[in-house]
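Chemist: 3D model of this:
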Amino acid sequence: MGHTAPVTADDVDRAVHRIAGVVDATPLQLNVRLTAAVGADVWVKREDLQPVRSYKLRGAYNFIAQLDADERARGVVCASAGNHGQGVAFACSRLGIVGRVFVPTTTPRQKRDRMTAIGGPFVELVVTGDTYDEAAAAAQQAAAESGAVLVPAFDAPATIAGQGTIGHEIVDALGRAPDVLVVPVGGGGLLAGLVAWFGERHPATRIVGVEPEGAASLRAALDAGAPVDLPRVDPFVDGAAVRRAGEVTYAVVAAADREVEVVTLPEGAVCSEMLAMYQTDGIIAEPAGALASGALPRLGIGRGQTVVAVVSGGNNDVSRYSEIVERSLVHEGRKHYFLVSFPQEPGALRRFLDEVLGPDDDITLFEYVKRNNRELGPALVGVELGDPSDIVALRARMAASPMAVEAIDPDSPFYRFLI
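Modeler: Numbers count the residues shown, from 1 in each chain. Below is the predicted model:
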């Protein structure tokens, strides 16, 4: 700690004026559900209401608007999981600059379609690679070959300063600095921008970064003392599924005068929060947009404090909701899968229903393979419980049953075929 930071509060303040009139000052809303859950005044910063439905427009525009005439003529290139690409597309269209956006195949179609719609004739979309990092490598190669300017999604001072403008708006809207500020973390650009600005302007604010458990690249960097590659990345939280934290973003966080908290949130908990936001708050959040608010109950927030959680984006493909519901149920302990060996005789399934399942248990999946030359027929059975605690009694009844039952562990490779 205590090193010279590559981004300052003054950089952020200059970005505030640079993006004025282009980027919306999004609402800061008191959230009744979250306030009741943690016993503090919880406000949500609605970056999902930007023209491109995420905060990424801030950094992209702040970066591109500073290019000189020669750089603008050469055009720009970027890699994106979806939201940064929309920000670049918006900036290109607004400033009349030609750009190419490289996205991995895991990018939801909704985000791809939005990029081409926003950029119009100024932007070409290139789909390549299975991960963000592979798309980023392709973008770097394209920039080197064409002379176009690479617009980093997070790892550049101008991008970081642009993202940090959120902090200025939060303090203006509240009339004071919050006690706690909770933000999602992918590559770390948003966190770095806020750390830089609050560290100088309002150092008493507690800042917490939240990463998806399956892509905790900044936490790994802080533990190692430098950015490192994660051996594996879960792509579900696509807006934050980054294998390696940025060099510049890490440097900003490491240079903070006091340690910045960085925690992780399981993907299942992200899904539960997305559903709560949709059903109770009327907010359509993408997975990364639910990271900050989803982590609140785990942070030990004091009663009566003022807390701000950043809803970073709302670019969620509606076709993903079935998987979101499934992951949420599994995380909450309400959905379980079993391999059941049924005797090849009449009435076996009826006995399973009558003697093993509880009154509030529901079969959601039943795949049965009957083989006449064997005494047992295997079945894959999915069970949804009325209450997560009912699993104890269900397992006891399964153990007492003459049928052989094997629970499928959610961490097993086979489980990934089910959700």
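Chemist: how about the helix or strand hosting Ala142: buried residues?
Modeler: Element membership for Ala142 (DSSP states H and E) is helix 132-146. The neighbour-count check on helix 132-146 (16 or more other Cβ atoms under 10 Å) flags Tyr132, Asp133, Glu134, Ala135, Ala136, Ala138, Ala139, Ala142, Ala143 as buried. Using the backbone N, CA and C atoms, a C-beta is placed for each residue, glycine as well.
Chemist: Hmm, the second one is touching Val242, no?
Modeler: If I follow you right, that is Asp133. Yes. When contacts are counted by Cβ atoms under 8 Å, Asp133 is listed as touching Val242 (7.5 Å).
Chemist: neighbours around the closest residue to Ile408 other than its chain neighbours, how many?
Modeler: Spatial nearest neighbour of Ile408, chain neighbours left out: Tyr337 (4.3 Å); criterion: Cβ to Cβ, 6 or more residues apart in numbering. Per other Cβ atoms under 10 Å, the neighbour tally for Tyr337 reads 21.
Chemist: What backbone torsions are found at the closest residue to Ala216 other than its chain neighbours?
Modeler: Closest residue to Ala216 apart from its sequence neighbours, by Cβ to Cβ, 6+ apart: Thr264 at 4.8 Å. Dihedral pair for Thr264: phi -120, psi 160, per degrees, to the nearest 10.
Chemist: what sits against Val195?
Modeler: Ile207, Val252, Val253, Ala256, Val260 (Cβ atoms under 8 Å, 6 or more residues apart in numbering).
Chemist: In strands only, show me these.
Modeler: Ile207 (DSSP state E).
Chemist: By pLDDT, give me the weakest of the contacts of Val195.
Modeler: On pLDDT alone, Ala256 ranks lowest of these, at 88.
Chemist: Look at the residue sitting nearest the centre point of the chain and report its pLDDT.
Modeler: In the chain, the residue lying closest to the centroid (Cα atoms, centre = their mean) is Ala288, at 2.0 Å. On pLDDT, Ala288 comes in at 96.
Chemist: for it, helix, strand, or coil?
Modeler: Put simply, Ala288 is helix when judged by DSSP: H, G, I helix; E, B strand; the rest coil.
Chemist: cool, Val183 as well?
Modeler: strand.
Chemist: Would you check how far apart it and Leu191 are?
Modeler: 5 Å (Cβ to Cβ, to the nearest Å).
Chemist: quick one, which of these two is more surrounded?
Modeler: Leu191 (31 against 27).
Chemist: can you pull out the helices in the stretch 251-400 of the chain?
Modeler: 267-276, 291-295, 321-331, 348-351, 391-400 (DSSP state H, counting those that start in this stretch).
Chemist: Figure out how far the second one is from the centre of its chain.
Modeler: Spelled out, that is helix 291-295. Relative to its parent chain, helix 291-295 has a centroid offset of 9 Å by Cα atoms, centre = their mean, to the nearest Å.
Chemist: list the helices and strands it packs on?
Modeler: Contact analysis of helix 291-295 by 3 or more Cβ pairs under 8 Å, 6 or more residues apart in numbering; DSSP states H and E lists strand 180-184, strand 206-212, strand 261-265, helix 267-276, strand 306-311 as its packing neighbours.
Chemist: Could you dump those into CSV with distance to Pro121 added?
Modeler: Putting the helices and strands packed on helix 291-295 into CSV (distance: least, Cβ to Cβ, whole Å) gives the following:
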stretch, distance to Pro121
strand 180-184, 32
strand 206-212, 35
strand 261-265, 40
helix 267-276, 34
strand 306-311, 31
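Chemist: follow-up on the earlier one: off-centre distance for the helix holding Ala142?
Modeler: On Cα atoms, centre = their mean, the centre of helix 132-146 falls 23 Å from that of its chain.
Chemist: How about stretch 98-115?
Modeler: Chain-centre distance of stretch 98-115: 16 Å, with Cα atoms, centre = their mean.
Chemist: Give me the buried positions along that stretch.
Modeler: 98-104, 106-108, 110-112, 114-115.
Chemist: what's the closest of the buried residues of helix 132-146 to Glu332?
Modeler: Tyr132 (28.6 Å; Cβ to Cβ).
Chemist: which stretches of the stretch 301-419 of the chain form strands?
Modeler: With DSSP state E, counting those that start in this stretch as the criterion, the stretch 301-419 of the chain has strands at 306-311, 335-343, 362-368, 376-384, 404-407.
Chemist: mind checking how far the residue nearest to the centre of the chain is from Pro413?
Modeler: Counting by Cβ to Cβ - Ala288 and Pro413 are separated by 25 Å.
Chemist: Equivalent analysis for Arg58, please.
Modeler: Arg58 is 39 Å from Pro413, by Cβ to Cβ.
Chemist: Which one's more surrounded, the two?
Modeler: Neighbour count, other Cβ under 10 Å: between Arg58 and Pro413, Arg58 has more, with 30 against 7.
Chemist: Does anything pack onto the helix or strand where the more buried one lies? Which helices or strands?
Modeler: Per DSSP H and E: Arg58 is located in helix 56-64. Helices and strands touching helix 56-64, by 3+ Cβ pairs under 8 Å, 6+ apart, are helix 9-19, helix 83-95, helix 157-163, helix 165-174.
Chemist: Could you export that helix as CSV, CA atoms only?
Modeler: Written as CSV, here are the backbone C-alpha positions of helix 56-64 (Å, rounded to 0.1, in the frame of the first residue of the first chain):
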residue,chain,number,x,y,z
LYS,A,56,-19.3,0.9,-19.4
LEU,A,57,-20.3,3.9,-21.5
ARG,A,58,-18.5,6.2,-19.0
GLY,A,59,-15.0,4.7,-19.5
ALA,A,60,-15.4,4.1,-23.2
TYR,A,61,-16.5,7.6,-24.0
ASN,A,62,-13.9,9.2,-21.7
PHE,A,63,-11.2,7.2,-23.5
ILE,A,64,-12.3,7.7,-27.1
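Chemist: Give me the angle between that helix and helix 9-19.
Modeler: Inter-element angle recorded for helix 56-64 and helix 9-19: 100 degrees (by axes from the mean of the first three to the mean of the last three Cα atoms, to 10 degrees).
Chemist: Distance from the chain centre to helix 56-64, please.
Modeler: That offset, for helix 56-64, works out to 19 Å (Cα atoms, centre = their mean).
Chemist: For the helix or strand just after it, give me every contacting residue.
Modeler: Remark: after helix 56-64, the chain's next helix or strand is helix 69-74, criterion DSSP H and E. For helix 69-74, contacts defined as Cβ under 8 Å, 6+ apart pick out Leu95, Ile97, Ser146, Gly147, Ala148, Val149.
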